[in-house]
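Asks: Show me the folded form of this:
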Amino acid sequence: MDVKKDILWRVYLSYIVMVIICLAVFAKAFYIQQVQGASWRSMSDSLHQKIEEVDAERGTIYSEDGQMLSTSVPKFNIYIDFAADGLREKSGVRFRENLDSLSFCLANLFNDKSVSDYKHLLQQGFKNRDRYFLLQKGISYRQYESLKQFPLVRLGKNKSGFIVDEQTIRLNPYKLLAYRTIGLDRENAQKIGLEKTYDTLLKGTTGRRLVRYIAGGVSIPVDDEQIEPENGKDIVTTLDVFIQEVTENALMKMMVGNEAVHGCAIVMETKTGKVKAIANLGRRQDGTYSEDYNYAISPSEPGSTFKLATMMSLLEDKKITLNSVVNLNGGSWQINGQTVFDSEQHGKFDVTVKDAFALSSNVGMAKLALASYGNNPRRFIQHLHEMHLDTLTGIDITGERNAVIPKPGTRNWSSISLPWMAFGYNIEVTPLQTATFYNAVANNGKMMKPYLLSAVKEEGEVVNVNEPKVLIEKICSEATIQDLKTCLEAVCAGGTAKELFKNSTYKVAGKTGTALVADGNRGYADQIYQTSFAGYFPANDPQYTIVVVIKNKPQAVLHYGATVAGPVFKEIADRLYTNYVRQVNYMSTNKKIDSTATFYYTGSRQDLKQLASRLECGQKEIDSATDEWLDVRIHKGAVSFLAKPVDVRTMPQLRGMGLKDVVVLCENIGLKVNAKGKGRVLTQSILPGQSYAKGQILNIELN
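Replies: Residues are numbered from 1 along each chain as shown. You can find the predicted model right below:
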């Protein structure tokens, strides 16, 4: 009995102890859950929830004619939380009821899998209870809008489990057009061009949102817990898409044909300093070309285009006149143990300064500079400073580099520095500095600051306009300006560019340039020439200044400024004159129109017939065919309809048409129309008779 009692006592004691322990555990659990619950849940949230920044929608960069040059496009990643309560309630009946129709819709929308494949994929995810199953990555906004209407998805995130992660990517709609100037904003990549210069304006103000982290470290936004970001502002540039296309195509054509190393072309509006186009092209290892570097703001030896600065110094100091005589020594001259050569052995001796400039004589410029400034070279350097040739232009793109100009007393100065500088050697300036200088001469001595930002917009409204800025009111005297213009016109009329412009319908003022440049450690042995052409047109009323600089391959057959850079200048100038300058001149001289004048209009047969009938104007129908389009001619009150056959195999003549008719005609043949102005068509970017491609953008200007 004692043994039995002893055993029972021990059992009871053990039972009591276990009960006490269980009660303590339950009490502690109750205390943790009810008393300390809020604190522990807060700690849990702090480990699984986080405040993260939300980037604002980046502003768009536009051309001055309203085209998007760089813009942000939304992309959507679609995930499914197969463990969502609403999706799994009632044993997942909602999922099973919508599975077939959802699979069908997904297959039709994305066209990447069959209906059965999508069905199997969804079933597998549901079975595995995947919390963040990636369904599609990077879908477009249009696809996303369609997806929201699909079965199950349209029930909302809680019931469908569908989670949307919106991201933004940056696109340049015109691809490489002015790429180095515009730039591109990409994650983990250095910004360049306008994207970098105006990053603060474009990026807006960053927002904040609360996110919860789930399996795999993936974050899901927590509803109603965020500060909305403030979108960035849009900027409008001075660039013109048509001018940029013309400039880039002309430069590309020459560089491909001559297998050039790299080149650039700049178009500047003379009276304002607006940069209408900058093309930069470099040759890749595979022989193709791309906008790989901004050569327009990088210094190099300018060659003979620099002779204009030498002439300005000499004329301004009254060291010479255009009729002064200089001996060219037949094209070569010995100075301090070195020989100055003219690029072409012309065999001339005593010529006027004007003719020496037109012939682009290195000997002539070197002799004149040495005779005038040999005892005081600092005076010549001072002139270059006053012309801003040793100063950054201040254009609003980062990366502009300083010119390299040797100065007396430094280690870069020697006994031949001054004569060599006179014709553009032993000195480095950027093509943009050359363009700014030539533009000042074209603008009667007023030097304008080159710029790219035209205006800033916020939600479509202009909030700031960037006005033209004068750098120097007068770079020299009026007499010197007129002499310089005479010299530049002489180059194109009877000098080194004579053949290039002999059949031109407008006058050009410009200067060719050819510089032998060193090839690293190999020196000048490879005969690499950098060719250039700088000038403006029309010479009597300058509208545009253009500078073209091209570095040729070693031993290039074509290597003179008049045969490489000059044709690029001429092609750009021809197109701009046809599409802008000539049309403006025509309109300015034909403003007075009366009832006796000849007037014409182009439109559809049906519209014109109806209009004539309603107005009860007497008309004479010259055609008997059934052409869809008619030309209306009004002369001294008489109205005539003439047939206008339209051959859509090449670009039709649109001049005289209204916008509605242009849109109907051009969109039917696959072109995208971008119109500027009101009224009838004045100019068109694809000229009549040219070939075109479907989807190509047609820029038209209305009068």
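
Asks: State the pLDDT value of the residue nearest the centre of the chain.
Replies: Nearest residue to the geometric centre of the chain (CA atoms, centre = their mean): residue 178, 3.4 Å. Note on residue 178: pLDDT of 84.

Asks: now do the one 10 residues further on
Replies: On the pLDDT scale, residue 188 is placed at 53.

Asks: now swap in the one 10 residues further on and tell me
Replies: Taken from the predicted model, the pLDDT recorded for residue 198 is 91.

Asks: thinking again about what came up before, check contacts around the residue nearest to the centre of the chain.
Replies: Residues near residue 178 by CB atoms under 8 Å, 6 or more residues apart in numbering: 69, 239, 244, 248, 277, 278, 279, 291. C-beta: built from backbone N, CA, C; applies to glycine.

Asks: bridging residues for the closest residue to the fourth one other than its chain neighbours?
Replies: Right, residue 248. The shortest distance from residue 248 to any non-neighbouring residue, by CB to CB, 6 or more residues apart in numbering, is to residue 279 (4.2 Å). Judged by DSSP bridges, the bridge partners of residue 279 are residue 265.

Asks: Next, give phi and psi for residue 551.
Replies: phi -90, psi 120 (degrees, to the nearest 10).

Asks: Use 50 as the first number from now on
Replies: Done: numbering now begins at 50, and the last item shifts to residue 600.

Asks: Near it, how many other residues are there?
Replies: By other CB atoms under 10 Å, the residues close to residue 600 number 23.

Asks: thinking it is in contact with residue 313, fair?
Replies: No. In this structure, residue 600 is not within contact of residue 313 by CB atoms under 8 Å, at 9.6 Å.

Asks: check contacts around the residue nearest to residue 297.
Replies: 227, 293, 296, 297, 300, 301, 313, 314, 315, 340.

Asks: Let's have those in CSV, adding distance to residue 465.
Replies: Compiled in CSV, those are given as follows (distance: CB to CB, whole Å):
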residue, distance to residue 465
227, 40
293, 41
296, 37
297, 39
300, 34
301, 38
313, 29
314, 32
315, 31
340, 37
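
Asks: Tell me the one among those nearest to residue 483.
Replies: Within those, the smallest distance to residue 483 is 8.6 Å, found for residue 315 (CB to CB).

Asks: Could you chop this structure up by domain?
Replies: Partitioning the chain according to automatic domain parsing yields domains covering residues 101-286, 290-505+513-636, 648-751.

Asks: I'd like the ones you listed written out as TSV, with distance to residue 70 added.
Replies: TSV is the format used below for these (distance: least, CB to CB, whole Å):
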stretch	distance to residue 70
domain 101-286	35
domain 290-505+513-636	73
domain 648-751	80
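
Asks: what's the most buried one of those?
Replies: Compared across the domains of the chain, domain 290-505+513-636 shows the largest average neighbour count, a mean of 20 (mean count of other CB atoms under 10 Å).

Asks: Tell me the secondary structure at residue 131.
Replies: Classification of residue 131 using DSSP: H, G, I helix; E, B strand; the rest coil returns coil.

Asks: isn't it right next to residue 173, touching?
Replies: No. Using CB under 8 Å, residue 131 is not in contact with residue 173; the gap is 9.5 Å.

Asks: next SSE after the host helix or strand of residue 361?
Replies: Here residue 361 sits within helix 356-365, counting by DSSP states H and E. Note on helix 356-365: by DSSP H and E, the next helix or strand toward the C-terminus is strand 374-376.

Asks: Which strands or helices does that following strand pack on?
Replies: When contacts are defined as 3 or more CB pairs under 8 Å, 6 or more residues apart in numbering; DSSP states H and E, strand 374-376 packs onto strand 399-401, helix 402-407, helix 411-422.

Asks: Ok, which of the ones you listed comes nearest residue 373?
Replies: Comparing the helices and strands packed on strand 374-376 by CB to CB, helix 402-407 comes nearest, at 4.8 Å.

Asks: and the longest helix for the chain?
Replies: helix 51-79 (DSSP state H).

Asks: mind checking how far that helix is from the chain centre?
Replies: Its chain's C-alpha centre and that of helix 51-79 lie 84 Å apart, by CA atoms, centre = their mean, to the nearest Å.

Asks: Also stretch 65-85?
Replies: Chain-centre distance of stretch 65-85: 72 Å, with CA atoms, centre = their mean.

Asks: pull the CA atoms of that stretch into CSV?
Replies: Extracted in CSV, the C-alpha atoms of stretch 65-85 (Å, rounded to 0.1, in the frame of the first residue of the first chain):
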residue,chain,number,x,y,z
ILE,A,65,-0.1,19.1,-11.4
VAL,A,66,3.3,20.3,-12.6
MET,A,67,2.3,19.7,-16.2
VAL,A,68,-1.0,21.5,-15.7
ILE,A,69,0.8,24.5,-14.1
ILE,A,70,3.3,24.6,-17.1
CYS,A,71,0.4,24.4,-19.6
LEU,A,72,-1.4,27.2,-17.8
ALA,A,73,1.7,29.3,-17.8
VAL,A,74,2.2,28.7,-21.5
PHE,A,75,-1.4,29.6,-22.3
ALA,A,76,-1.1,32.7,-20.1
LYS,A,77,2.1,33.8,-21.8
ALA,A,78,0.6,33.3,-25.2
PHE,A,79,-2.5,35.3,-24.2
TYR,A,80,-0.3,38.0,-22.8
ILE,A,81,1.9,38.2,-26.0
GLN,A,82,-1.2,38.1,-28.3
GLN,A,83,-3.5,40.5,-26.4
VAL,A,84,-1.1,42.7,-24.5
GLN,A,85,2.0,42.8,-26.6
